[in-house]
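Peer 1: Show me how the following folds:
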Amino acid sequence: MSSQAMNGQSNPTTIAFFPLASRRDLVRRSAIELDRLNGYAATEFWKTTCRRLGNELLELGCPEDEMRAEIMDFQAAVQVELMWLHREEAAQG
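Peer 2: Model prediction:
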């Protein structure tokens, strides 16, 4: 009898990855840095950040399609954070 059957498990264990978009500090820091940069520097920062995060997920065993979805959700969260940053600036005058 397999150890899974002995433990009452019928499916292999799966790893759940903490969503990048929910990592508030990472999202906020990325938005602040992206907002500070312009042109080529902003583009390079963004590409490097997203590639690094994607590679980290892949190294942890995240399936590629799930990694891509995580990066897209992270990008959306950073865009929302950028909007909030500018709303706060506008409200302060």
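Peer 1: can you tell me how far the residue nearest the centre of the chain sits from L58?
Peer 2: Residue closest to the average C-alpha location in the chain (C-alpha atoms, centre = their mean): L20, at 2.8 Å. Using C-beta to C-beta, to the nearest Å, one gets 13 Å for the distance from L20 to L58. (Glycine included, C-beta is placed from N, CA and C.)
Peer 1: List the contacts of stretch 34-48.
Peer 2: E33, V78, L82, L85 (C-beta atoms under 8 Å, 6 or more residues apart in numbering).
Peer 1: if you set the cut-off to 6 Å instead, what comes out?
Peer 2: L82, L85 (C-beta atoms under 6 Å, 6 or more residues apart in numbering).
Peer 1: which of the residues in that stretch are buried?
Peer 2: Neighbour counts over stretch 34-48 (16 or more other C-beta atoms under 10 Å) mark L34, W46 as buried.
Peer 1: What is the neighbour count of V80?
Peer 2: Look at V80: counted by other C-beta atoms under 10 Å, it has 13 neighbours.
Peer 1: which other helices and strands contact the helix or strand where it lies?
Peer 2: Using DSSP states H and E, V80 sits within helix 64-92. The contact analysis (3 or more C-beta pairs under 6 Å, 6 or more residues apart in numbering; DSSP states H and E) places helix 64-92 against helix 24-36, helix 39-59.
Peer 1: With distance to A69 and mean pLDDT as added columns, please give these in TSV.
Peer 2: Shown next, in TSV, are the helices and strands packed on helix 64-92 (distance: least, C-beta to C-beta, whole Å; pLDDT from 0 to 100):
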stretch	distance to A69	mean pLDDT
helix 24-36	16	97
helix 39-59	10	97
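Peer 1: just how off-centre is stretch 34-44 within its chain?
Peer 2: In this view, stretch 34-44 has its centroid 18 Å away from the chain centroid, taken as C-alpha atoms, centre = their mean, to the nearest Å.
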